[in-house]
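Student: okay, structure incoming, though there's no sequence with it:
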């Protein structure tokens, strides 16, 4: 997650929260009122442990913020998947869902990158739910001397008329909560 999708400068990131070993950054996203975030932490675990949890679509709902349903739609091969996630939103905002293409690459023997992009054609939309179709992001897992550095960067337009100020106000809470849940899961895996 340390590279830019859009070519805008890396120094445009602004640190929004640094607590419990989790750092959350945000920045403006080109041609959008919605911001993107980057979350970073280091956990004493293995690359394979983190990869296994991030790619366990059926259990993402157990630690990903506001996700009440998640499932593997299709495994294309060992490194390509299609995921479905359903997010509960507070009234009066309609619930959201999205379908993602998930592709795993191995930049080197000490890192794993998991790219996330929309797949808008495989599943029909659900009545009363807004399908998010404009998003992109990735996970970057890197082996360091202090543990596994986990970075998640994501931009998403929630669509359906939700005000940008409301979405941007949750931009820290969402990844911070998810990262703390993920950290607890990784650190207590054997307990």
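Tutor: That came through fine. Here the structure is a predicted model, which is why all the values come from computation and not from measurement. Numbering: from 1, shown residues only.
Student: so where's the longest helix in this protein?
Tutor: helix 173-187 (DSSP state H).
Student: by contact count, what packs against it?
Tutor: For helix 173-187, the elements it packs on are strand 22-28, strand 35-43, helix 47-54, strand 147-157, judged by 3 or more Cβ pairs under 8 Å, 6 or more residues apart in numbering; DSSP states H and E. Any C-beta I mention is one placed from the backbone N, CA and C, and that applies to glycine too.
Student: tabulate the ones you listed (CSV), appending mean neighbour count.
Tutor: Listed next are these as CSV, based on neighbours: other Cβ atoms under 10 Å:
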stretch, mean neighbour count
strand 22-28, 20
strand 35-43, 22
helix 47-54, 16
strand 147-157, 20
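Student: who wins for proximity to residue 172 among those?
Tutor: Nearest to residue 172, of all those, is strand 22-28, at 5.0 Å by Cβ to Cβ.
Student: now that closest one: average pLDDT?
Tutor: For strand 22-28, the mean pLDDT works out to 96.
Student: helices or strands up against it?
Tutor: Against strand 22-28 (3+ Cβ pairs under 8 Å, 6+ apart) you get strand 14-19, strand 35-43, helix 173-187.
Student: please identify the deepest-packed of these.
Tutor: Of the helices and strands packed on strand 22-28, the one with the most neighbours on average (mean count of other Cβ atoms under 10 Å) is strand 35-43, at a mean of 22.
Student: regarding this protein, what is its longest strand?
Tutor: In the chain, taking DSSP state E as the definition, the longest strand is strand 95-108.
Student: what comes up buried for that strand?
Tutor: Buried positions in strand 95-108, judged by neighbour count with 16 or more other Cβ atoms under 10 Å: 95, 96, 97, 98, 99, 100, 101, 102, 103, 104.
Student: other residues contacting it?
Tutor: Contact partners of strand 95-108, identified using Cβ atoms under 8 Å, 6 or more residues apart in numbering, comprise 51, 55, 57, 69, 73, 78-89, 112-120, 122-123, 126, 128-133, 135, 156, 158-160.
Student: equivalent analysis for stretch 57-73, please.
Tutor: In contact with stretch 57-73 (Cβ under 8 Å, 6+ apart) are residues 53, 81-89, 97, 99, 102, 122-123, 173-175, 177-178, 181-182, 184-185.
Student: now do 6 Å
Tutor: 82-88, 174, 177-178, 181-182, 185 (Cβ atoms under 6 Å, 6 or more residues apart in numbering).
Student: many thanks, have a good one.
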